[in-house]
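Asker: sequence first, then the predicted structure:
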Amino acid sequence: MDEKQIKNDFFQMASNVNVSYIVAFHEYVRDKLEDKESELSEQLKNFSGSRAERVDLLVEHETFLKMYPKQLSTNTFLLLYSHLEEHIHHIWRMYCPEIDITGKIKGSISRYKPVFKNLYKNKLSNSNAWEFIKECEQLRNCILHANGRIDLFKKPDEIDRIIKKYPNLLFVENKRISIDYDFVSKFYEIIQEIIKRIETL
């Protein structure tokens with residue numbers, strides 16, 4: 001095995017480990033939320049307290065059933081996005097530092113478009129990965145800069161377009177972006193594809 005192959009294998013291994021930790025964190029917290037929701041469901045079935053106490057229990061149950069899982073999916077999405085941004089930065093520094101990323105293109109990941117072109121041998125148009133990542137960048141920006149409020153984001157039409165493109169994966173609730181875990185899973189698959197692309201460099 002030559003030095004380049006060892007370097008590629010080590011880089012891929014490190015990236016996969018980091019992503020696996022994020023996924024494992026999500027699954028662990030999700031399991032705990034489901035356990036708590038089941039516990040609250042049993043309490044509701046056998047409840048014999050006051051009306052006010054029952055309302056409090058219903059609110060707590062609804063929180064664990066809906067609110068916390070949605071927040072978990074959003075946080076996992078942001079963790080994966082941060083990992084991808086760091087991953088692409090390392091690819092640039094380790095494999096193609098001669099590429100200029102200080103051009104006109106702005107954005108946390110968009111500035112690395114020349115690096116992606118290098119990864120996909122200047123055939124980005126043939127890859128769904130780049131288009132999907134750009135959409136994730138807009139979702140991430142809306143979540144971080146407008147707390148997910150589409151109407152307060154500088155590009156609401158773009159967010160609306162992305163949400164309509166992924167029915168049953170992205171939703172609008174109280175004017176805010178809501179991310180289903182299936183969308184997060186799709187993002188994870190794209191990241192795995194990019195990690196494997198290291199073999200082409």
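Answerer: Yes, it's here. Residues are numbered from 1 along each chain as shown.
Asker: state the pLDDT value of K123.
Answerer: K123 is assigned 67 on the pLDDT scale.
Asker: ah, wrong one, I meant M1
Answerer: M1 is given a pLDDT of 58.
Asker: do I have it right that D182 meets N168?
Answerer: Yes. D182 lies in contact with N168 (Cβ atoms under 8 Å); the separation is 7.5 Å. Bear in mind the C-beta positions are built from the backbone N, C-alpha and C, glycine included.
Asker: for the lowest-mean-pLDDT helix or strand in the chain, name the packing helices and strands.
Answerer: The helix or strand of the chain with the poorest confidence is helix 113-119; it has a mean of 83 (mean pLDDT, DSSP states H and E). With contacts taken as 3 or more Cβ pairs under 8 Å, 6 or more residues apart in numbering; DSSP states H and E, helix 113-119 sits against helix 68-95, helix 128-146.
Asker: recalculate using a threshold of 7 Å.
Answerer: On a contact count with 3 or more Cβ pairs under 7 Å, 6 or more residues apart in numbering; DSSP states H and E, helix 113-119 meets helix 68-95.
Asker: okay, angle between the helix it packs on and helix 128-146 too, please.
Answerer: Counting by axes from the mean of the first three to the mean of the last three Cα atoms, to 10 degrees, helix 68-95 lies at 120 degrees to helix 128-146.
Asker: helix 68-95: which residues count as buried?
Answerer: Buried residues in helix 68-95, counted by 16 or more other Cβ atoms under 10 Å: 68-70, 72-81, 83-85, 87-89, 91-92, 95.
Asker: quick one: secondary structure of S48?
Answerer: Classification of S48 using DSSP: H, G, I helix; E, B strand; the rest coil returns coil.
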